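In: build me a model:
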Amino acid sequence: MDPVIGAIAAGNVVVLKPSEVAPATSSLLARLIPQYLDNSAIRVVEGSVAETTSLLEQKWDKIFYTGSGKIGRIVMAAAAKHLTPVTLELGGKCPVIVDPTVDLEVTARRIIAGKWGCNNGQACISPDYIITLESFAPKLIDALKVTLEKFFGKDPFQSADLSRIVNFSHFARLTRLLDDPKVSDKVIYGGQRDEKRLIIAPTLLLDAPMDSLIMTEEIFGPLLPIITVQKMEEALEVVSSLPKPLAAYLFTKDKKFERQVVASISAGGMVVNDTAIHLANHHLPFGGVGESGMGAYHGKFSFETFSHKKAVLYRGFMGDLMVRYPPYTTRKQKIVRCLLTGDFLGLVYALIGWNS
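Out: Numbers count the residues shown, from 1 in each chain. The predicted structure follows:
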């Protein structure tokens, strides 16, 4: 509802199209919004592809879309027919870079909170993969395993704190990532699945090939590959080899490395020594870059996203300089030349008709 608040605050009316992937939420919004909000200012349209296609055929002043890059391209193409401006909040593979200087226990907790505590990885800003030193990986993996068991128990299927996969389609998609022959021997923790209950246990994979499905597609689920490198500087090369992410995370106590990472990585947003919390800070713009989206919102940035900065200049009728009007005599040209170059003495001479 954050974009809706920004749009209404900026003086717009809104047509809200909730995702059909979450039908219960869509139905709830369709029921509650007319009940509690001004129906002449906010309308909810439910439906799937046909309804969305029909909406995109209309001429809008602004389109705001949250979702996948695939659908984002369709939205942008439809908007281009009417030259409608768009804000796209997409996603991508959000990296987590972890160097050996970190507080291991805190790092593990915060990665898990941003991944599995954030709707079981089904969030656009959830950590998508970890990069760390090969020599440090065993310590990090052990810390993640211990903390995962502490948070969700020995049998995560019995945990009341682990979200289910949103639907069968996404369950099948995640299963396909796990069943890729290139990663079948890379699972080092978890991997259990219950299709009837739509649950996949928190899963760690070690050194999945960069050309595997899990490393070429956005995961958007409870699977977390860990990529190892020989030097931390190689982590920057890994991130740069993939499309620009919506968020990037760094865990380090090394200020020099911190500055290097922040300066080198192009991402929609960055968090140092935590994950996902920038989403809750209304003083920060939230949005993507490149394939992770365009435009930003949250706080005042939502208001600005749904506003047009119209320039208005007011003048009276005094001080009308004749040099701006034809005929453009030599004297007028001298005056303009002196104004442009800051030659104030020459300007005085030109005004009184003297040659400098």
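In: the nearest residue to Met232 once chain neighbours are set aside: what's it in contact with?
Out: Closest residue to Met232 apart from its sequence neighbours, by Cβ to Cβ, 6 or more residues apart in numbering: Asp99 at 5.1 Å. In short, each C-beta sits where N, CA and C put it, glycine included. By Cβ atoms under 8 Å, 6 or more residues apart in numbering, the contact list for Asp99 reads Thr132, Leu133, Phe136, Met232, Phe251, Thr252, Asp254, Phe257.
In: low-confidence bits of this structure, can you list those?
Out: 356 (pLDDT under 70).
In: what about the strands in it?
Out: 14-16, 42-44, 63-66, 86-89, 95-98, 129-133, 187-189, 193-194, 199-200, 203-206, 223-229, 247-251, 269-272, 293-294 (DSSP state E).
In: Serialize those to TSV and add fields for mean neighbour count and distance to Ser169.
Out: Putting these into TSV (neighbours: other Cβ atoms under 10 Å; distance: least, Cβ to Cβ, whole Å) gives the following:
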stretch	mean neighbour count	distance to Ser169
strand 14-16	17	23
strand 42-44	18	23
strand 63-66	20	18
strand 86-89	21	21
strand 95-98	25	26
strand 129-133	23	23
strand 187-189	16	22
strand 193-194	16	15
strand 199-200	24	14
strand 203-206	22	19
strand 223-229	22	16
strand 247-251	26	25
strand 269-272	18	28
strand 293-294	22	23
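In: same list, the ones you listed, but as JSON lines with distance to Leu28 please.
Out: Putting these into JSON lines (distance: least, Cβ to Cβ, whole Å) gives the following:
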{"stretch": "strand 14-16", "distance to Leu28": "12"}
{"stretch": "strand 42-44", "distance to Leu28": "10"}
{"stretch": "strand 63-66", "distance to Leu28": "17"}
{"stretch": "strand 86-89", "distance to Leu28": "21"}
{"stretch": "strand 95-98", "distance to Leu28": "33"}
{"stretch": "strand 129-133", "distance to Leu28": "33"}
{"stretch": "strand 187-189", "distance to Leu28": "35"}
{"stretch": "strand 193-194", "distance to Leu28": "26"}
{"stretch": "strand 199-200", "distance to Leu28": "23"}
{"stretch": "strand 203-206", "distance to Leu28": "31"}
{"stretch": "strand 223-229", "distance to Leu28": "29"}
{"stretch": "strand 247-251", "distance to Leu28": "27"}
{"stretch": "strand 269-272", "distance to Leu28": "29"}
{"stretch": "strand 293-294", "distance to Leu28": "26"}
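In: out of those, which is closest to Glu149?
Out: strand 187-189 (9.6 Å; Cβ to Cβ).
In: would you mind pulling the contact partners of the closest one?
Out: Under Cβ under 8 Å, 6+ apart, the answer for strand 187-189 is Ile141, Leu144, Lys145, Leu148, Leu178, Pro202, Thr203, Leu204, Leu205, Leu206.
In: can you rerun that using 10 Å?
Out: 137, 141, 144-145, 148-149, 178, 201-208, 223-226 (Cβ atoms under 10 Å, 6 or more residues apart in numbering).
In: chain center to that strand: distance?
Out: Its chain's C-alpha centre and that of strand 187-189 lie 29 Å apart, by Cα atoms, centre = their mean, to the nearest Å.
In: same question, stretch 163-174
Out: Distance, centroid of stretch 163-174 to centroid of chain: 22 Å (Cα atoms, centre = their mean).
In: contacts for it?
Out: Taking Cβ under 10 Å, 6+ apart as the rule, stretch 163-174 contacts 19-23, 25, 116-123, 175, 193-200, 203, 213-214, 217, 219-223.
In: PyMOL command for the buried members of these?
Out: Filtering the contacts of stretch 163-174 down to the buried ones (16 or more other Cβ atoms under 10 Å) takes a single PyMOL command:
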select buried, resi 116+117+118+119+120+121+122+123+193+199+200+203+213+214+219+220+221+222+223
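In: which one of the strands of the chain lies closest to Ala280?
Out: Among those, the nearest to Ala280 by Cβ to Cβ is strand 269-272 (10.9 Å).
In: so what strands line up beside the closest one?
Out: Strand pairing for strand 269-272, using DSSP bridges, gives strand 247-251 (parallel).
In: just the angle between the partner strand and strand 129-133, please?
Out: Counting by axes from the mean of the first three to the mean of the last three Cα atoms, to 10 degrees, strand 247-251 lies at 30 degrees to strand 129-133.
In: can you show me the CA trace of strand 247-251 as CSV?
Out: Presented in CSV, the C-alpha positions along strand 247-251 are these (Å, rounded to 0.1, in the frame of the first residue of the first chain):
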residue,chain,number,x,y,z
ALA,A,247,19.8,-5.0,-3.1
ALA,A,248,23.3,-5.9,-2.1
TYR,A,249,24.6,-6.8,1.4
LEU,A,250,28.0,-6.7,2.9
PHE,A,251,29.2,-8.0,6.2
